[in-house]
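**Student:** fold the stuff below for me.
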Amino acid sequence: MVLWIFGYGSLVWRAGFEYDERVVGYIKDYKRVFYQGCTDHRGTPDNPGRAVTLVPQEGSTVWGAAYKVSGHDAEQLVLSYLALREKHYDVRALVNFFTVESSSEPALSSVLVYIGSPNKTENKYYLGPASLEDMASQIARSVGPTGTNYEYLFRLEKALYEIGHEDEEIVELANEVRKLLKIWNEHQLYINSCSN
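**Tutor:** Reported below is the predicted structural model:
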């Protein structure tokens, strides 16, 4: 038995489990979006962060990494780990995975991917779309047990750059968050200088 898992968010830079092989590639007809709420890693129930999920979009591609896990025991261990890590994602889908070398025919079929759907009955963590400014503000402010929400965004931006496939919308959102953080830091320096 062989299990393949597609990562398009934090799994791109940190699998968190042992795997036999990692392949860079993409899936078709989906778009990566910051629509999923995060209350356990990069946010809290009172101040949720934003994490990526996938929405169907014909003609689009989402780059990331596929991880191969071999053997029944290893598969069960990884699936248990991911059930906890990806517990806010209500859909487990099987997708075709493509690479640069195999762009017309799938390099892999039946690759498992976790998706946070917009179905609020099944996925109470779905936040949905927001303006660039509102998303940036929420990401800049949110902090959870794993760290800041903006660290998640910046790590994703860097991981996609490192695999050679930057996502323009991720870069735009990251730059907007950087602007906010700079403004807030300058404001805090001003307040500190006034109190001295």
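
**Student:** going forward, measure contacts and count neighbours with C-alpha atoms only.
**Tutor:** Will do.

**Student:** the lengthiest strand in the chain pairs with which strands, and in what direction?
**Tutor:** The single longest strand within the chain, with elements called by DSSP state E, is strand 49-70. Paired neighbours of strand 49-70 in the sheet (DSSP bridges): strand 2-7 (antiparallel), strand 21-38 (antiparallel).

**Student:** tell me what the helix or strand hosting Leu153 is packed against?
**Tutor:** Assigned by DSSP states H and E, Leu153 falls within helix 149-162. With contacts taken as 3 or more Cα pairs under 8 Å, 6 or more residues apart in numbering; DSSP states H and E, helix 149-162 sits against strand 49-70, helix 132-141, helix 168-195.

**Student:** take those and lay them out in a markdown table including distance to Asp90.
**Tutor:** Converted to a markdown table, the helices and strands packed on helix 149-162 look like this (distance: least, Cα to Cα, whole Å):
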| stretch | distance to Asp90 |
| --- | --- |
| strand 49-70 | 11 |
| helix 132-141 | 22 |
| helix 168-195 | 23 |
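
**Student:** Asn47 belongs to a helix, doesn't it?
**Tutor:** No. Under DSSP: H, G, I helix; E, B strand; the rest coil, Asn47 falls outside any helix and is assigned coil.

**Student:** quick one, what contacts it?
**Tutor:** The contact partners of Asn47, by Cα atoms under 8 Å, 6 or more residues apart in numbering, come to Thr39, Ser142, Val143.

**Student:** nearest to Glu169, of these?
**Tutor:** When the contacts of Asn47 are ranked by distance to Glu169 (Cα to Cα), Ser142 comes first, at 19.6 Å.
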